[in-house]
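[1] with the input below, show me the fold.
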Amino acid sequence: MIFVRNELWVTFPRQEQAISYQKEHSNVFIFSYQDHVNGQRRFVVSSYKEFWRRYKNMNPKYRHHYEVIQEGLPCHLYFDLEFNKIENSNNNGEEMVDILLSLVFDFMNEKYSIEGDKEFVVELDSSTEEKFSRHIIICFPNTAFKNNRHAGAFVGEICSRIQNERGRDGRFEKLFILKDRNSSHVNKEVFIDRAVYSRNRCFRLPLSSKARKTSILLPTGRFKCRLMSEEDMFMASLICKVDVDVQKILICEKDIGCSNTLQFATQVHVNFHKDYGVPRNLLSNSCIIDSSRIFQTGRSLFPLLDMFVESVASLGNISGKIHSWHWFSEYGIMVYNMSKNRYCERIGRQHKSNHVIYVVDLRRASYYQKCHDPDCRGYRSPLRPVPEEIVPDTTVFFEGVKRHKIYENNVDNKTIDSVDSCLKDGWWLEAVKFAEKVEKKTLDFDVGRLHNGALCDRLRPVWMRTSLEWWWLIFVEIISLDLFSKAALTFLGLR
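    Numbering: from 1, shown residues only. Purely as a prediction, here's the structure:
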């Protein structure tokens, strides 16, 4: 009888070949290894299970294997820690690791409200008499960073904290090392290697040594690996091995309004491919948050709608890209702030510097374009339909909001205004007055006549700014004050 093995193990001479092959197959990942004789690097595409089946049976002296931390894949937080023992004879590596972990846990709690525990930590060591070398992988339960670029930004912020606090906290001074014998004490560096967060980085696997080296990367016996089997330890050390039911995706990237600051955010993952039949490759960045108002960068919780809007926002060879989005589940409204393509329907060309906005009304399965440019304030493009197959199921996303339906009775798809229905709401006249103030060309506002004093105080510096993206700044301020239900619908041109 012939048994056919379903598990893949395919070898490639170049990384790009392995990546192309991996994209065509599900549940497989990319590894790398060095030839034992000449050190030449090759790449393997396999499942975690099949890779381990073969890897565990290899001769240990021929194991020079690495995990490829693929660009764009969610990953655990990881560190490569090293220093020269001879040049840093007063440094205690194990103490340094403990201090770093304490700082990481404090930082995770501060930025993401996530509690840390040393039982989440996989610690691997390949130190020699001359060099301290450890890998740290921290597997926060049901949590992962969006990709290793976000993990690297988080680590960079930790390094900045260490640098800034070293004079005030004596513990942090212990994390600095001399890189080599030519370094001065003034130029000491943190012992974290920040080069390992580049795209498609190869990260050595446990039980492997570097080619032509004898030091094997092994568990220290501390923390998570203390009572684990060899296979469980190996699986726990894989940086991209994130559970399919991961609940939290951590974001760490440059803030929209200020390139010198970082935005820390949490996306709560939804299994769209299982529940709604959407292909998995469209959902790597999809998310949903338990809130009626969600603001986030990158992909939204409606990946097919994202693709549709980006196709609409593309013109010629210039592709429109989603920069950020704001979702209002109570009203079925999605607002996309676009980048790359600045084409404005009002002027029939691209703006020189101001971006455009697409507003999608899922109740009416329709969308239109607005603009950041002050000359275009008050303008919105004609209302156009969203393809029926793109519109999310209202029973999933608007549950409990019975007055909002995807196709309202007697809605004229040529106009977005429905004044009669709006007049039934007591706040309509107030909202109209508010919108008229927002749409004024002058930036000077009559503070005494506005309804909300806090709003005036918050928006005054925004309106007084010379930034061209005034529309989005004002919009975000309105949302932060929870005034969407009374004013922002008019502001968006939805009422």
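[2] show me the shaky parts of the stretch 251-400 of the chain.
    254-263, 266-299, 316-317, 329-330, 352-353, 373, 393-400 (pLDDT under 70).
[3] can you pull out the strands in it?
    In the stretch 251-400 of the chain, the strands defined using DSSP state E, counting those that start in this stretch lie at 262-268, 293-297, 321-328, 333-339, 343-344, 349-350, 356-361, 366-371, 384-385.
[4] what does the longest helix seen in the chain contact?
    In the chain, with assignment by DSSP state H, the single longest helix is helix 93-112. Applying Cβ atoms under 8 Å, 6 or more residues apart in numbering, the contact partners of helix 93-112 are 77, 79, 81, 83, 114-118, 121, 123, 127, 132, 134, 136, 138, 140, 154, 157-158, 161-162, 171-172, 174-175, 191-192, 248, 250, 252, 264, 266. No exception for glycine: its C-beta is placed from N, CA and C like everyone else's.
[5] could you measure from the nearest residue to residue 9 once chain neighbours are set aside over to residue 144?
    Of all residues beyond its chain neighbours, the one nearest residue 9 is residue 46 (4.7 Å), with distances taken as Cβ to Cβ, 6 or more residues apart in numbering. Computed as Cβ to Cβ, to the nearest Å, the residue 46 to residue 144 distance reads 21 Å.
[6] who has more neighbours out of the two?
    A direct count of neighbours by other Cβ atoms under 10 Å for residue 46 and residue 144 places residue 144 higher, at 25 against 22.
[7] what's downstream of the helix or strand where the more buried one lies, the next helix or strand?
    Using DSSP states H and E, residue 144 sits within strand 143-145. Under the assignment DSSP H and E, the closest C-terminal helix or strand after strand 143-145 is helix 148-165.
[8] what mean pLDDT does that following helix get?
    For helix 148-165, the mean per-residue pLDDT is 92.
[9] which neighbouring elements make contact with it?
    strand 77-84, helix 93-112, strand 189-190, strand 248-254 (3 or more Cβ pairs under 8 Å, 6 or more residues apart in numbering; DSSP states H and E).
[10] now it against strand 248-254, angle please.
    60 degrees (axes from the mean of the first three to the mean of the last three Cα atoms, to 10 degrees).
[11] CA atoms of the next helix or strand after helix 148-165 as PDB?
    With elements assigned by DSSP H and E, the helix or strand that comes after helix 148-165 is helix 170-173. Extracted C-alpha coordinates of helix 170-173, given in PDB (Å, rounded to 0.1, in the frame of the first residue of the first chain):
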ATOM      1  CA  GLY A 170      19.500  53.100  38.000                       C
ATOM      2  CA  ARG A 171      18.200  49.800  36.700                       C
ATOM      3  CA  PHE A 172      18.200  51.100  33.100                       C
ATOM      4  CA  GLU A 173      21.900  52.000  33.300                       C
END
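[12] so for residue 23, which of the strands of the stretch 251-400 of the chain sits nearest?
    Nearest to residue 23 among the strands of the stretch 251-400 of the chain is strand 321-328; the distance by Cβ to Cβ comes to 20.7 Å.
[13] what's that closest one packed up against?
    strand 293-297, helix 303-312, strand 333-339, helix 470-480.
[14] picking that back up, tell me which of the helices and strands packed on helix 148-165 sits most buried.
    strand 77-84 (a mean of 22; mean count of other Cβ atoms under 10 Å).
[15] now do that strand: which elements does it pack against?
    helix 93-112, strand 131-138, helix 148-165.
[16] if we compare these, which one ends up closest to residue 211?
    strand 131-138 (15.6 Å).
[17] show me what the closest one is packed against.
    Applying 3+ Cβ pairs under 8 Å, 6+ apart, one finds that strand 131-138 contacts strand 77-84, helix 93-112, strand 121-125, helix 230-237.
[18] now it - C-alpha only, PDB.
    The C-alpha coordinates for strand 131-138 follow below in PDB (Å, rounded to 0.1, in the frame of the first residue of the first chain):
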ATOM      1  CA  LYS A 131      29.600  36.500  23.900                       C
ATOM      2  CA  PHE A 132      26.200  36.700  25.700                       C
ATOM      3  CA  SER A 133      23.400  35.800  23.200                       C
ATOM      4  CA  ARG A 134      19.800  35.200  24.000                       C
ATOM      5  CA  HIS A 135      16.500  35.200  22.100                       C
ATOM      6  CA  ILE A 136      13.300  36.300  23.900                       C
ATOM      7  CA  ILE A 137       9.900  35.500  22.500                       C
ATOM      8  CA  ILE A 138       6.900  36.800  24.500                       C
END
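[19] on that earlier part again, any of the contacts of helix 93-112 buried? List them.
    The neighbour-count test (16 or more other Cβ atoms under 10 Å) marks 77, 79, 81, 83, 114, 116, 121, 123, 127, 132, 134, 136, 138, 140, 154, 158, 161-162, 171-172, 174-175, 191-192, 248, 250, 252, 264, 266 as buried among the contacts of helix 93-112.
[20] so which bits of stretch 134-151 are buried?
    So, applying 16+ other Cβ under 10 Å, buried residues of stretch 134-151: 134-140, 143-151.
[21] one step back: between the helices and strands packed on strand 131-138, which one is nearest to residue 336?
    helix 93-112 (25.5 Å).
[22] average pLDDT for the closest one?
    pLDDT averaged over helix 93-112 gives 92.
[23] between helix 148-165 and that helix, find me the angle.
    110 degrees.
[24] run the angle between helix 93-112 and strand 77-84 for me.
    Going by the same axes, to 10 degrees, helix 93-112 makes 150 degrees with strand 77-84.
[25] residue contacts, residue 343?
    By Cβ under 8 Å, 6+ apart, the neighbours of residue 343 are 313, 315, 318, 320, 349, 350, 356.
[26] report the beta-bridge partners for it.
    residue 350 (DSSP bridges).
[27] cool, and residue 42?
    With DSSP bridges as the rule, residue 42 is bridged to residue 33.
[28] quick one: contacts for it?
    Listed by Cβ under 8 Å, 6+ apart, the contact partners of residue 42 are 11, 12, 13, 32, 33, 34, 35.
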